[in-house]
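[1] Starting from these lines, generate the structure:
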Amino acid sequence: MNIFKNKTWRVRISLFCLVILLNVLVFTNSGDTCPYCNKTFYDELLNSRANTLGGRELLASIQNQEGISGVPSVSGNGENAGLVNPVSLEENPVTPGNTKGPKDFIEIIKRDESLPIPMTSFVPQNVVPDKKVTIELAEGETYIGRGVMFKGFTTNGTIPGPTVIVDEGDIVDFTVVNKGTIPHGASIHAAYTQTSKYLGKIGAGETKSILFRATVPGVYMYHCSPGGHAIPMHIIFGQYGMMVVKPKKKYKMEEIMKKKPDVEIYLVQHELYSSGKDAIEGKPIYVMFNGKIFRYVDEPISAKPGDFVRIYFLNAGPNLISTLHIVGIIWDYVYWQGNPNNAMPGGQTVLAGPADSWVIDFRMPPDEGTYTLLNHAVGSADRGAIGLLVCDKNAQTPVTIKSDGPVYSAEEMKDIKSKLTRTISPFEPGSPDVDPPVVYGPETKEVTVKIIGNSFSPKVLHIAPGTTVKWVNEDVFSFMEGEFSGIHTASSYEGPESFTSPLLTHTESFTRKFDKDGQYKYLCAPHPYMKGLIVVGEPESGAASSFGWIKWLSVISFILILIMLLVLISLRKRYGLIPKQSVAT
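    Numbering: from 1, shown residues only. Next up, the predicted model:
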């Protein structure tokens, strides 16, 4: 048979080649997530999508963003074509003895120098730094305790990333290394200046830096920030950490106690999700402190009676509110956002939304025992946000507890992996107990998979031959900073037959009928970490089917009832329990 003369085979070969092309473009590019997808979608906007409502709005958004400094041009033309390099070096860089700045903005810098408030963090990018910080971003996995592995995105191999500590006034050289296979980036909340054009999109294998002056003391969040839709997604997937700018001014409690804290605890509360849908809806599977479920129940923090204790607290979120409380403790002073100028006396909790922070000062009472630390939004406490602060006269202080996620040696990780009871991931199928197949029998002719939170929902389908699957893109964020980051596809990479959808923006859909038995593994071409699985076959032959069990149970029940009736009739006949029919006279 000449397959090239057969229409069905020509279609299959074309789809297969398209999938291969998409995968090659995705996995071999070290910069944009999928430049082919970006350009293809832009061309569609100019043509087939030009008169749609969504198309008009996106074209207006593109036009309004063209020309913004630091934003690449999606069309590849104009002054912003390609990724923008950091600002050029100036003749008069800011150094410890020279506060002159770029000529274009020297009047603004002179004005700010005379104001009774901190200057912004801007410094030209050729200054000599006081502190150097380097973080590494990648896709990876981390053990979060209780037999559970989380597969997501990491900073320096952990969730949260390393605790970064600098002093007020320091010029900081902050370097980000992308060790992953997709673009990453960084947003530094402690920087009161432009950061996106320096660190906003870092291709796989690339390294970028920014220099800034830490001018406002406090407790800050840093997180991955590749741009657009990817910003919330990478935070949801686990890329964040704490940065503290230590103040020149003493905190009120230090003035009263006339000393620094005996115990310093850097504490990050954060949530992890088992699906993109749950993340968008704010339904975490676990909530924890510093990267592990019940970490400080397993590893209690100790202090002596009378010790001065300080907590640097950050709620990294990304969704839930925290009300941090310690049973048996009333705060002496708390400082909103960690700034010593924001001092408040007393209190039983601190209220923190996502990215909110506090410095909390208190003394350990002269009464030994366990003081329970928890998020008093107790649903989160039940999911892992509880710890123990033990008051013990033999405690070894001073002591510092960092917010870094747990680190395991290769040997420890090997042992952990051999004994895992669960794996979770927001963007690909986890353990069957977390992501069980959603099963449909032959009576169901069409099922829907929603694409939401950079995840397929459900991730695993088991359907009968002849069933049609419809994918609908529910992600709303479509365009920002030169990238259509909210567009998706459903593209197979393994299975009996190949398929790929067109690029889908919000509310758009793609359908395909599955007739051939087998397992179809697929991904999103612009976001290749997003994965799903479709199993085609009679449900009874594979995953458990509720319909199948009900059907067979009904058949078996009918047979048993029939047998019981036959036995009952036989017994009644044998023992003469059936009355004789009357004879007509």
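
[2] Report the contact partners of L523.
    Applying Cβ atoms under 8 Å, 6 or more residues apart in numbering to L523 gives the contacts S491, Y493, Y529, M530, K531, G532. C-beta here means a position set from N, CA and C on the backbone, and glycine is covered the same way.

[3] ok, so of the residues you listed, who is nearest G180?
    Y529 (9.5 Å; Cβ to Cβ).

[4] any low-confidence regions in the protein?
    Scanning the chain for pLDDT under 70 picks out the ranges 1-36, 67-103, 478-484, 539-555, 571-572, 574-585.

[5] in which helix or strand would I find F558?
    F558 belongs to helix 546-574 when assigned by DSSP states H and E.

[6] ok, back up a step: can you put the contacts of L523 in a markdown table and add distance to A204 and secondary structure?
    Output for these, formatted as a markdown table (distance: Cβ to Cβ, whole Å; DSSP: H, G, I helix; E, B strand; the rest coil):
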| residue | distance to A204 | secondary structure |
| --- | --- | --- |
| S491 | 20 | strand |
| Y493 | 19 | strand |
| Y529 | 12 | coil |
| M530 | 17 | coil |
| K531 | 18 | strand |
| G532 | 23 | strand |
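
[7] Just give me the closest of those to G218.
    Nearest member of these to G218, counting by Cβ to Cβ, is Y529, at 33.5 Å.

[8] does the closest one really touch I182, like I thought?
    Yes: Y529 is within contact range of I182, at 6.9 Å (criterion: Cβ atoms under 8 Å).

[9] same for the longest strand belonging to the chain, what does it pack against?
    In terms of residue count, the longest strand belonging to the chain (DSSP state E) is strand 131-145. Applying 3 or more Cβ pairs under 8 Å, 6 or more residues apart in numbering; DSSP states H and E, one finds that strand 131-145 contacts strand 148-155, strand 164-167, strand 171-178, strand 286-289.

[10] Could you give me the buried positions within it?
    By neighbour count with 16 or more other Cβ atoms under 10 Å, strand 131-145 contains the buried residues V133, I135, E136, L137, A138, E139, G140, E141, T142, Y143, I144, G145.

[11] For the third one, give me its contacts.
    For E136, the contacting residues are T155, N156, G157, V176, V177, N178, K179, by Cβ under 8 Å, 6+ apart.

[12] how far away is the closest residue in space to the fourth one that isn't next to it in sequence from L272?
    If you skip the residues right next to it in sequence, V176 has A186 as its closest partner in space, 4.7 Å away by Cβ to Cβ, 6 or more residues apart in numbering. Counting by Cβ to Cβ, to the nearest Å, the gap between A186 and L272 amounts to 20 Å.

[13] got it, and G241?
    Distance from G241 to L272, by Cβ to Cβ: 15 Å.

[14] and what of K260?
    34 Å.

[15] same deal with Y335?
    28 Å.

[16] Now the residue nearest to V176. Its backbone dihedrals?
    Backbone torsions of A186, given as degrees, to the nearest 10, read phi -150, psi 140.

[17] does it really touch I135, like I thought?
    Yes: using Cβ under 8 Å, A186 is in contact with I135, at 7.2 Å.

[18] any common contacting residues for those two?
    Counting by Cβ under 8 Å, 6+ apart, the common neighbours of A186 and I135 are F174, V176, Y222.

[19] check contacts around the residue nearest to the first one when sequence neighbours are not counted.
    On the basis of Cβ to Cβ, 6+ apart, the spatially nearest residue to F174 that is not a chain neighbour turns out to be V133, at 4.9 Å. For V133, the contact set (Cβ under 8 Å, 6+ apart) comprises V164, V166, V172, D173, F174, T175.

[20] what's the first-to-last distance across stretch 273-293?
    13 Å (Cα to Cα, to the nearest Å).

[21] Check the offset of that stretch from the chain's centre.
    Stretch 273-293 sits 9 Å away from the centroid of its parent chain (Cα atoms, centre = their mean, to the nearest Å).

[22] Same check on stretch 324-338?
    With Cα atoms, centre = their mean as the basis, stretch 324-338 stands 29 Å off its chain's centre.

[23] can you give me the end-to-end distance of it?
    For stretch 324-338, the first-to-last residue distance is 15 Å (Cα to Cα).

[24] Buried residues, it. List them.
    Buried residues in stretch 324-338, counted by 16+ other Cβ under 10 Å: L324, H325, I326, I329, W331, D332, Y333, V334, Y335, W336, Q337, G338.

[25] Just flag the most distant two among these.
    Among those, I329 and Q337 lie farthest apart (Cβ to Cβ), at 21.0 Å.

[26] now the helices: where do they sit in the protein?
    In the chain, helices defined by DSSP state H lie at 7-28, 35-46, 53-65, 106-113, 196-199, 230-236, 252-257, 276-281, 295-298, 378-382, 410-418, 546-574, listed in chain order.
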